[in-house]
Each structure stands twice: as structure tokens, then as C-alpha cells.
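[1] no FASTA, just this:
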């Protein structure tokens, strides 16, 4: 259970940082009288702004306490270090609690809350009657945002909540600091902000603590992403884990992918998906497999031009960082969000980190580029401009395993059989650019055979670098048996075998005598 100490607001505002840390370390509580104001410390970060709790009761020292209507709570910094938690419903500035998971006990180590989680731990609403926070106060925002370097040499820290677009919450970063640590657009910065900003100016960063979750000194001297040598993926991202599907039945999606269309670190994978073929479920299973089996990988789920309810569903799963732009936003926001997300991934790869980006979908992103790009005067079939796919191809081409260390894996969906000639042209242009292709079957989905994967059409290039010798022999043996059969017969037979073997390891042992 996440714990938080609280003190009266005036004392906290006037107290020094040492007193704040001491109060957080004790984790004690002072109850406010009815109608009184209370300042909470969540994860060791003092909250300057205040709001009213809508649901879930009051937050007290030691965990989520009994009902406390009207008590004020902090607005900022409500992020879970483990990356878990989700929202039940939201509207306006309000939301209600769905999950409340363990986050440790105070005192909290400095910088332990630098990463964004799945947003809020409990529901809040802004209170317009509360006075604004003092501009002289030094905030304690550990995870600041993503840097955008301007042509002048200085930069601003953009917020994900604003779609990485300029906003009033931006933080100024001087050119001197950027040059000192060789910062680049897309770097995720953690630190503190302080000082009174001048009228019309953004507040400056006071202290830089982390760059992409590493000490700032490690950002100096790193290579340029475009100069990293690309290699074939040779380390498999094993996705198999205990997943229970609807009705309490085991879900074999990840097991099928591991054997017949394996993913490796640095893979450029395309999921070819007709409508209503279970695309969203496959993406959720892949995300869960990455989070559970590969905690060393930084997972980002990029949803472009998607339905709002699917975005909420993905956020409620709690796997990775969800970055979204629903269809009710303009195409310019889709493009800006996608490019900043890929820049973030590139910066981490430069620092020899492993990153996985799940993109849904490359088709809708290409449509957004087609709308925002200046026309070249040459129009392809379906109304697609000749230059519209240049930047999406560069984005997808960022996926690679670096010889110098680090990898960027991109799993992107491509929509087919939508009835749109433009979508078909986009798919044909991207077909062959990836080194792994997972094809979903509408026929299997209509027959309620899941996962609806076309085993014959799905494959990974150079799969011998990812699979063990036994797994490779098993995969090829099943492909020979399935040749000439329909996709429904092939998947039904494979699922029957997997039901008798709980894991792929058991399946290999069971099939060893027949290989």
C-alpha cells in the first residue's frame, strides 16, 4: 500500500526542504479540522497545488484511509514508481480510483519517482477556490518531461499531457546546460524547477538529476543514432507467460508468436490486421509478455488516431507507458506525438538501452502525414501524395539492433481490407520494409478461433538467429505438416497440441521423438 505523510499546508509551504524531508521520513499524520486544508506528500514529493478527493476516501499516513470528504490533496506528482495503476472513469477534471497497489514505505529515496506511471493513484478534481501556488516556491517535480531543442540552442521541456506541444507548463532549459551535457531533442529529463519566472517566461530548470534515467554525465560523448551500425536481431524477446483469456482458458497467443513468428531485440515487425481480427488483443498480449519477461526493456505503446475507449482499455491494462492521440485530435498532433516518441526511443538507444515501441497503427499515421505534408504535385493511387510516406518510413526504419549496444524494437500494425484504396497502397509500400510479419486472419476470427493468426503467411526473417535448434526444427516440421491445409485447420490442430503441453518447453520435449 502506498503511504504518504501529511502536514498542514501553511507549515509545509513555509518550511524548509530539510523539514519536509524529515516529515516525510517519519510518515506521521496531522488531521485537519472540518473544512481545513491539508497538504499531502506522495512518494516523498511535496505538493504545492491542492484539490478535492472525489472518491476512494482520504489519503492518510500508512495507506488509503477511511472516508474524508472535503480534504484537500496534491495535484501533481501522483505517479506510481512501479508503473501500475489505472482509472475507472474520468470526466472534466475528475476521475475515480480503480486500483491502488503497493509502492513501498517512507522514507522514499531521492529520485525514486522519476518515471511517469499510469497517471493517478486516486481521483482528484481541481478546486478553483484554492489559491494558486506561490511562484517563489521551488517545486519538487522529479520527472519533468521531454526536451525539445530549438534552433537558437536553448530548449523547453514539453509535457506528454499536452501532446509534447508548447504549453504554459513548459520548463526552460538554457543553451549552456544543453551544451554542457550534450542534450538532444527527445531526452527525458528529471530534476527540479525553481525560481520566480519573469512575466511571460517559462520557469527555468534548477537542477538536472537524470537524463533518460541515467546520470547526466553519461549523456556526454554518446554517438549519433544515425551512425549506429544496424545488425540482424539475435536475442529473442520471449513473450510466453501465464495469460488467462476469457472464460478462464489459457491464452496461447504469445506461445504461437514465439514459435512461428519470433521477435528479437531490434526487430522491425509488422502485424497485418484486417478489421475485427483481434488486433488489439494481440498487442495487449505482446505488451504483457515484454513487461513480464523483459523488465530491462523500456516499453512505450503509441496509439495514433485510435478510438478513445481503446486508449482507455490499453491504459487500464497497465503495461508500459501509453502515449495516445485519439481520432478527435487534428493530424498535426498525431504527427508531433509520434515523432517525439521515436526521438525519445532513439535517445535511449544511444545510451545503450533496449526500447520496445508498439505502434497502432502505421496506416493511420501515414494518413496523418499525407494530410500535413506539403503536396509534391504528384499523387499516387488512392489520393496518396508521393512524398507522404518518406517520414513514416524513416520512423519505422529506426528499429534496429545496434552493434555498439542498445536496440529499438518496433511492432507496428498495418490495416488491410478496409475498403480504402489509400490503406492498401500504404500497406503495399511498407510491405517488405520489416523483417517480421505477423498476419491475422478475419476468417479465423469469424469462426471464433483465437489467436486468429495465419501460420503459413506469418514469418520472421533470419529466425535461425532467434530460435534454438530444437525450436527451429519444431517450427519447420509444423510448417511442412500445415502446407496445403486451410488456416483454420492448421490453427485448430496447433491449439489442440498446445493444450496437451502447458509450455513451449513441454511441447518441444513431447515432439522431440518425432523430429
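    It's in. Just so we're clear, the structure is a prediction, and the values are computed from it rather than from any experiment.
[2] so how many other residues sit close to the closest residue in space to residue 216 that isn't next to it in sequence?
    When the adjacent residues along the chain are set aside, residue 216 lies closest to residue 181, with 4.7 Å between them (C-beta to C-beta, 6 or more residues apart in numbering). Any C-beta I mention is one placed from the backbone N, CA and C, and that applies to glycine too. Counted with other C-beta atoms under 10 Å, the burial measure for residue 181 works out to 17 neighbours.
[3] residue 181 reaches residue 218, doesn't it?
    No: Residue 181 sits out of contact with residue 218 when judged by C-beta atoms under 8 Å, with a separation of 9.2 Å.
[4] so what sits against both of the two?
    Contact criterion C-beta atoms under 8 Å, 6 or more residues apart in numbering; residues shared by residue 181 and residue 218: residue 211.
[5] can you give me the helices in the stretch 301-450 of the chain?
    With DSSP state H, counting those that start in this stretch as the criterion, the stretch 301-450 of the chain has helices at 308-317, 331-350, 362-372, 390-396, 421-430, 442-446.
[6] and the shortest one, what other elements does it pack with?
    This points to helix 442-446. Counting contacts by 3 or more C-beta pairs under 8 Å, 6 or more residues apart in numbering; DSSP states H and E, helix 442-446 is packed against helix 487-500.
[7] buried ones in the helix it packs on, by neighbour count?
    Across helix 487-500, burial judged by 16 or more other C-beta atoms under 10 Å covers 487, 488, 490, 491, 494, 495, 498.
[8] could you do stretch 306-319 as well?
    Burial within stretch 306-319, assessed by neighbour count using 16+ other C-beta under 10 Å, is assigned to 306, 310, 311, 312, 314, 315, 316, 317, 318, 319.
[9] among these, which one lies nearest to residue 167?
    Residue 167 lies nearest to residue 311 out of those, by C-beta to C-beta, at 20.1 Å.
[10] next one: the nearest residue to that closest one once chain neighbours are set aside from residue 302, what distance?
    When the adjacent residues along the chain are set aside, residue 311 lies closest to residue 324, with 4.4 Å between them (C-beta to C-beta, 6+ apart). If you measure residue 324 against residue 302 using C-beta to C-beta, to the nearest Å, the figure is 8 Å.
[11] overlap in contacts of the two?
    Taking C-beta under 8 Å, 6+ apart as the contact definition, residue 324 and residue 302 share the neighbouring residues residue 337.
[12] more crowded one of the two?
    In this view residue 324 and residue 302 are compared by other C-beta under 10 Å, and residue 302 has more residues nearby, 25 against 22.
[13] surely the more buried one and residue 359 touch.
    Yes: in this structure, residue 302 is within contact of residue 359 by C-beta under 8 Å, at 4.9 Å.
[14] intersection of neighbour lists for these two?
    residue 338.
[15] may I ask you to confirm that residue 438 is in contact with residue 267?
    No: in this structure residue 438 lies outside contact range of residue 267 using C-beta under 8 Å: 10.7 Å.
[16] low-confidence regions, the stretch 401-515 of the chain specifically.
    513-515 (pLDDT under 70).
[17] where do the strands of it begin and end?
    Chain-ordered strands for the stretch 401-515 of the chain, with DSSP state E, counting those that start in this stretch as the definition, fall at 407-415, 436-439, 459-460.
[18] hang on, the earlier thing: just checking, the residue nearest to residue 311 touches residue 306?
    Yes: with contact taken as C-beta under 8 Å, residue 324 and residue 306 are classed as touching, separated by 6.6 Å.
[19] shared neighbours, the two?
    Here residue 324 and residue 306 have no joint contacts, going by C-beta under 8 Å, 6+ apart.
[20] so can I have TSV of the helices of the stretch 301-450 of the chain showing distance to residue 412?
    Supplementary listing: the helices of the stretch 301-450 of the chain in TSV, determined by distance: least, C-beta to C-beta, whole Å:
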stretch	distance to residue 412
helix 308-317	15
helix 331-350	11
helix 362-372	4
helix 390-396	6
helix 421-430	8
helix 442-446	19
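[21] for residue 276, find the nearest of the ones you listed.
    Per C-beta to C-beta, nearest to residue 276 of those: helix 442-446, 6.0 Å.
[22] can you list the domain ranges for this protein.
    Domain assignment for the chain by the TED database gives 143-221, 244-513.
[23] just name the most buried of those domains.
    Mean neighbour count, computed with mean count of other C-beta atoms under 10 Å, is highest for domain 244-513 among those, reaching a mean of 19.
[24] quick revisit: farthest pair within the buried residues of stretch 306-319?
    Every pair in those was compared (C-beta to C-beta); the two farthest apart turn out to be 306 and 318, at 17.6 Å.
[25] so residue 205 touches residue 170, yeah?
    No: assessed by C-beta under 8 Å, residue 205 is found out of contact with residue 170, at 10.7 Å.
[26] can you put the buried residues of stretch 306-319 in TSV and add pLDDT and distance to residue 443?
    TSV is the format used below for the buried residues of stretch 306-319 (pLDDT from 0 to 100; distance: C-beta to C-beta, whole Å):
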residue	pLDDT	distance to residue 443
306	93	25
310	92	23
311	93	28
312	92	30
314	92	26
315	90	31
316	91	30
317	89	27
318	87	32
319	91	29
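[27] looking at those residues, which one is closest to residue 383?
    The closest of the buried residues of stretch 306-319 to residue 383 turns out to be residue 306 (C-beta to C-beta; 22.0 Å).
[28] for the closest one, list each beta-bridge partner.
    residue 326 (DSSP bridges).
[29] that one touches residue 360, doesn't it?
    Yes: A contact is recorded between residue 306 and residue 360 when judged using C-beta under 8 Å, the distance being 6.4 Å.
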